[in-house]
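In: Kindly return the folded structure for what I paste below:
(one chain, ligands or ions: 1)
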Amino acid sequence: MEVQWAKDIMNNSDRDMAASEQVKRYLAYWFQLGKPLVVEPDQRTILPQPIIVGNRYSPEFESLWQQLLALGGQGCYLEGTVQSIADLLSSTWEISDCARCGMPVPIISLGVSSAPCPCFDLPTWPNSDLPQPRLPVDERSRLGQIRDRLRPG
Ligand SMILES: [Zn+2]
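Out: Presented below is the predicted three-dimensional model:
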């Protein structure tokens, strides 16, 4: 049910804000599976830990996210992918769910998938025995508030 809420909210909320939140979720989920961010030009990798503390994103993750936004995501991408964070923040791309594992994956916003999900080189994923990546609890309650606000009447 929560997933359906999220989809309804995405259809109704401001596009730019939604795109940014989706990219943030994309990074949070893949970081939880150990996929680092690669930063040009020296291919430095960054993997903040932890991602979630209590019911919030960790200060480490929030700090990295703010730096990424300040840079517009230029020259930064998730390891094993071809789309920079800047690409993902643009209207060309949106985040969908991988058909294989359900993780967030970039698609061209016309709905044409042009690249594999980053799960392609994770032999141990999907794995229903592992804890699934998640959002902080606060995020869900905030989305719940938005949903309530959008509810007709
Ligand atoms: Zn996948």
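
In: Grab the nearest non-local neighbour of Arg134.
Out: Spatially, and ignoring its direct neighbours in sequence, Arg134 is nearest to Ile52 (7.2 Å; CB to CB, 6 or more residues apart in numbering). To be clear about C-beta, it is placed using only N, CA and C from the backbone, and glycine gets the same treatment.

In: cool, and Arg44?
Out: Counting by CB to CB, 6+ apart, the residue nearest Arg44 is Val38, at 7.3 Å.

In: What helix or strand is the most centrally placed residue in the chain located in?
Out: For the chain, the residue nearest the mean C-alpha position is Tyr26 (1.4 Å; CA atoms, centre = their mean). Tyr26 is located in helix 15-32, with elements delineated by DSSP states H and E.

In: ok, and does that helix reach over to the ion?
Out: No - judged by CB under 5 Å from the ion, helix 15-32 makes no contact with the ion; its nearest approach is 10.0 Å.

In: Flag every buried residue along that helix.
Out: The neighbour-count check on helix 15-32 (16 or more other CB atoms under 10 Å) flags 18-32 as buried.

In: Burial check on the residue nearest to Pro48 when sequence neighbours are not counted, number of neighbours?
Out: In this structure, Pro48 finds its nearest non-sequential neighbour in Glu60, 4.0 Å apart by CB to CB, 6+ apart. Number of residues near Glu60 (other CB atoms under 10 Å) recorded here: 16.

In: What backbone torsions are found at Glu60?
Out: phi -60, psi -40 (degrees, to the nearest 10).
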